[in-house]
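*Asks:* model this:
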Amino acid sequence: MKEQVYLLEQFDDIKILRYDVPAFEGLSLREKLFVYYLSRAALAGRDILWDQNNKYNLRVREALESILRAYQGNRETEEFQAFLVYAKKVFFANGVHHHYSMEKFTPSFTPEYFKSLLREVGAEQLYGEVERVIFDPKYMAKRVVLDEGKDLVQASANHYYEGVTQEEVEKFYGEKKKENALLSWGLNSTLVRDEKGQLQEQVWFAGGKYGKEIRRIVEYLKKAAEYACNEHQREVIELLIQYYETGDLSLFDRYSIEWVKEVAAPIDFINGFIEVYGDPLAYKASWESVVQIMDEEACKRTRKLADNAMWFERNAPIDERFKKSEVVGITARVVQAAMLGGDCHPATPIGINLPNAEWIRERYGSKSVTLDNITYAYDRASLNSGVLDEFAYSDEEKELVRTYGYIGGNVHTDLHECLGHGSGKMLPGVGQEALKNYYSTIEEARADLFALYYVMDPKLVELGVIPSLEVAKSEYCNYIRNGLMVQLTRVKLGNNLEESHMRNRQLIASWVYEKGKAANVIERVSRDGKTYFTIRDYEALRKLFGRLLAEVQRVKSEGDFEGARNLIENYGVRIDPVLHQEVLERYQKLNVAPYAGFVNPKYRLVEEEGKVVDVKIEYPTDFLAQMLEYGDNK
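*Replies:* Predicted coordinates for the structure are as follows:
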């Protein structure tokens, strides 16, 4: 049987992969139709995210699409090929800023050439609207700015705020919190200044901003509800529809609670304004969606973790004040992604834990998923990349990772999402806004540290989650190597780390390296002019992970802004320029793109005599063609 090809193409720093959904074929027709309509809803909100990322993005996309569809000139010239790469990068990032670094793309073609392309396709009128945002490097240079000392709202190029300052935003929502401390104020609105100079929220709902897109989402959700797996799930969808139709955040909380409670359905979904990484103040949520099918066999692994959640909470190396007295509603599943949308496409997470509201987690629990077919595609595409051979120190380490790295990565994700995010508690009166722009990094570090501490615990072997602690050793090797070196390939020389997950990984790896120096827990080795980091004492490293987890949990639980700032600024932001240059040079020789995203499958209704008799799944292989098709189906 021919080996499946997962790598479809590569351009700039991006590789495009495919993912399979083998579980789809085993579904009943009713379940297939449920997936079909949920998938349509997952794609219907695409334009929302583009506009959230930057107010000019949709116009830029219109200009790019006009050229790509209609240009009849020579497409093989160097300038057109440069335009093509730029267009693909913009489609991949859902806008003109890099999806990870948040920096604006720099086109390698001239404004004059771009204008000539628009003229050729009869769209020259678009040039004046998009010229500055495309070609002026200083204008809207960064989508999300986290630099200390700056007005984070005015410096960021996202479209969550207009004409307001950071101080005004914090005061506005601070007052809202006094009205109701539990509500996720600002989650679904743009904060603007009205004609009278007063601050006003433009709420995202069917009758307000993004109304056209939200009404389409609702249309497909209503059709999906007819095929829901059970009555409870149908009620969950109806609550989500009510929220979309009113914009009422209390309805979103009711929806989230019922969504957490619904644990029986073999098909589940995420759809809404969810994650706040795109807002430097962590109020505003980007739109995203994932449709997922349960992998019942793989779920046995996560079920063991969920069933023992109280044991993990009780034995966590954190202050007793910050431990939950009771762990409720922990649901963890291994799933196959059936469709990715919004902020989960083309780049996607490999694990998700929701809801984000702390009070709902504490009272009702959470649901987490590991996207197994996504991690499998990553693994298959990386087998012959050469990255492990280049950056791993010894043959023993390479063999360890090749044998156990895939399961180690998945179990880390299980622990991170299932137990890490759901563990611990905040002190009364403390909310995530206390940590401001550092909250996301602290929360990701906390979940990662929970996973790193427990992946080496014999309890996992006892439960049958992992076959041996060699799995943990492989994960430790991968994590330290990535946190101190490999992830630096995603950053331009001279830049600092900006993205929350990257800051989190370097923070952890740098902190344990520094604190373990005296005992040589991790050794920095130079061989043949190349730098390596090799672990000398796995048990000692686990204890260091536990120490840092205790401190990060304290910072979150107490809302210690200064503590968060010290950890992140001292360990998670700055990069050693000498090591950075070395890593970039070594990586460049491998000709491997550091970022990856996916082409979605496509679902097609099969009809006979006017009746739907089946739903077929197809696997497109052309990234740009899919992006243009999505643009056609607005």
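*Asks:* excluding chain neighbours, what is closest to residue 627?
*Replies:* Spatial nearest neighbour of residue 627, chain neighbours left out: residue 91 (4.2 Å); criterion: CB to CB, 6 or more residues apart in numbering. Yep, even glycine has a C-beta here, placed from its N, CA and C like the rest.
*Asks:* can you give me the distance of that neighbour to residue 13?
*Replies:* Relative to residue 13, residue 91 is positioned 14 Å away (CB to CB, to the nearest Å).
*Asks:* do the same with residue 545
*Replies:* From residue 545 over to residue 13 (counting by CB to CB), the distance is 30 Å.
*Asks:* tell me which of those two has more neighbours.
*Replies:* residue 545 (24 against 17; other CB atoms under 10 Å).
*Asks:* and the pLDDT for the more buried one?
*Replies:* Listed pLDDT for residue 545 reads 98.
*Asks:* doesn't residue 449 make contact with it?
*Replies:* Yes - Residue 545 lies in contact with residue 449 (CB atoms under 8 Å); the separation is 5.6 Å.
*Asks:* what do those two both touch?
*Replies:* Here residue 545 and residue 449 have residue 508 as joint contacts, going by CB atoms under 8 Å, 6 or more residues apart in numbering.
*Asks:* helix, strand or coil for the most centrally placed residue in the chain?
*Replies:* Centroid-nearest residue in the chain, with CA atoms, centre = their mean: residue 349, separated by 4.3 Å. Secondary structure assignment for residue 349 (DSSP: H, G, I helix; E, B strand; the rest coil): coil.
*Asks:* cool, and residue 460?
*Replies:* Going by three-state DSSP: residue 460 is helix.
*Asks:* just to revisit the earlier point, quick one: contacts for the residue nearest to residue 627?
*Replies:* 61, 64, 346, 623, 624, 627 are the contacts of residue 91 under CB under 8 Å, 6+ apart.
*Asks:* what do you get for residue 533?
*Replies:* Listed by CB under 8 Å, 6+ apart, the contact partners of residue 533 are 393, 480, 481, 484, 485, 513, 522, 523, 524, 525.
*Asks:* all helices for the stretch 51-200 of the chain, in order.
*Replies:* Here the stretch 51-200 of the chain has its helices, by DSSP state H, counting those that start in this stretch, at 57-70, 78-93, 111-120, 127-135, 152-155, 166-179.
*Asks:* just the buried positions in the last one, please.
*Replies:* To tie it back to what came earlier, the one meant is helix 166-179. Neighbour-count burial for helix 166-179, counted by 16 or more other CB atoms under 10 Å, picks out 166, 168, 169, 170, 172, 173.
*Asks:* swap in the fourth one?
*Replies:* Neighbour counts over helix 127-135 (16+ other CB under 10 Å) mark 127, 130, 133, 134 as buried.
*Asks:* let's have those residues in TSV, adding pLDDT and distance to residue 364.
*Replies:* Shown next, in TSV, are the buried residues of helix 127-135 (pLDDT from 0 to 100; distance: CB to CB, whole Å):
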residue	pLDDT	distance to residue 364
127	97	52
130	98	45
133	98	43
134	98	46
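*Asks:* in those residues, find the pair that's most separated.
*Replies:* 127 and 133 (11.5 Å; CB to CB).
*Asks:* just the residues contacting stretch 203-212, thanks.
*Replies:* With CB under 8 Å, 6+ apart, stretch 203-212 has contacts from 45, 47-48, 51, 188-190, 202, 214-215, 218, 243-247, 273, 287.
*Asks:* please check those residues and keep the buried ones.
*Replies:* 45, 47-48, 51, 188-190, 202, 214, 218, 243-244, 246-247, 273, 287.
*Asks:* dump the residue contacts of residue 235.
*Replies:* Contacts of residue 235 by CB under 8 Å, 6+ apart are residue 258.
*Asks:* just the ones of the contacts of stretch 203-212 in strands?
*Replies:* Per DSSP state E, strands hold the following members of those: 189, 190, 202, 273, 287.
*Asks:* separation between the third one and residue 276?
*Replies:* Shown here: residue 202 relative to residue 276, a distance of 17 Å by CB to CB.
*Asks:* swap in the last one?
*Replies:* Applying CB to CB, one obtains 12 Å for the distance of residue 287 from residue 276.
*Asks:* still on that earlier bit, hang on, isn't the residue nearest to the centre of the chain packed against residue 370?
*Replies:* No - using CB under 8 Å, residue 349 is not in contact with residue 370, being 9.9 Å away.
*Asks:* out of the contacts of residue 533, which comes closest to residue 360?
*Replies:* Looking across these and measuring by CB to CB, the closest to residue 360 is residue 480, at 34.2 Å.
*Asks:* next one, pLDDT for that closest one please.
*Replies:* pLDDT, residue 480: 98.
*Asks:* can you say which helix or strand has it in it?
*Replies:* Residue 480 belongs to helix 470-484 when assigned by DSSP states H and E.
*Asks:* run the angle between the helix or strand that that helix is followed by and helix 470-484 for me.
*Replies:* Per DSSP H and E, the first helix or strand lying C-terminal to helix 470-484 is helix 500-515. Angle of helix 500-515 versus helix 470-484, following axes from the mean of the first three to the mean of the last three CA atoms, to 10 degrees, is 100 degrees.
*Asks:* report all helices and strands that helix 500-515 contacts.
*Replies:* Contacts defined by 3 or more CB pairs under 8 Å, 6 or more residues apart in numbering; DSSP states H and E place helix 500-515 against helix 439-455, helix 470-484, strand 522-527, helix 538-558.
*Asks:* just say which of these is most tucked in.
*Replies:* Ranked by mean neighbour count under mean count of other CB atoms under 10 Å, those are led by helix 439-455, which reaches a mean of 26.
*Asks:* and of the buried residues of helix 127-135, the nearest to residue 184?
*Replies:* residue 133 (30.2 Å).
*Asks:* can you tell me which residues contact that closest one?
*Replies:* 54, 56, 60, 96, 104, 139, 140.
*Asks:* how about CSV for those, with distance to residue 492, pLDDT and neighbour count added?
*Replies:* Shown next, in CSV, are those (distance: CB to CB, whole Å; pLDDT from 0 to 100; neighbours: other CB atoms under 10 Å):
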residue, distance to residue 492, pLDDT, neighbour count
54, 20, 98, 22
56, 23, 98, 21
60, 22, 98, 20
96, 17, 98, 24
104, 12, 97, 23
139, 19, 98, 13
140, 18, 98, 19
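*Asks:* these in strands, which ones?
*Replies:* Using DSSP E, none of these sit in strands.
*Asks:* widest-spaced pair of those residues?
*Replies:* Among the contacts of residue 133, 60 and 139 lie farthest apart (CB to CB), at 12.8 Å.
*Asks:* output the helices and strands packed on helix 500-515 as a markdown table; include the columns distance to residue 461.
*Replies:* Converted to a markdown table, the helices and strands packed on helix 500-515 look like this (distance: least, CB to CB, whole Å):
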| stretch | distance to residue 461 |
| --- | --- |
| helix 439-455 | 11 |
| helix 470-484 | 9 |
| strand 522-527 | 24 |
| helix 538-558 | 14 |
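*Asks:* of all these, which lies closest to residue 413?
*Replies:* helix 439-455 (7.7 Å).
*Asks:* remind me which residues of the protein are low pLDDT?
*Replies:* 1-3, 634 (pLDDT under 70).
*Asks:* need the longest strand for it.
*Replies:* strand 330-342.
*Asks:* tell me the helix or strand right after that strand.
*Replies:* Counting by DSSP H and E, what follows strand 330-342 is strand 351-354.
*Asks:* alright, calling it a day.
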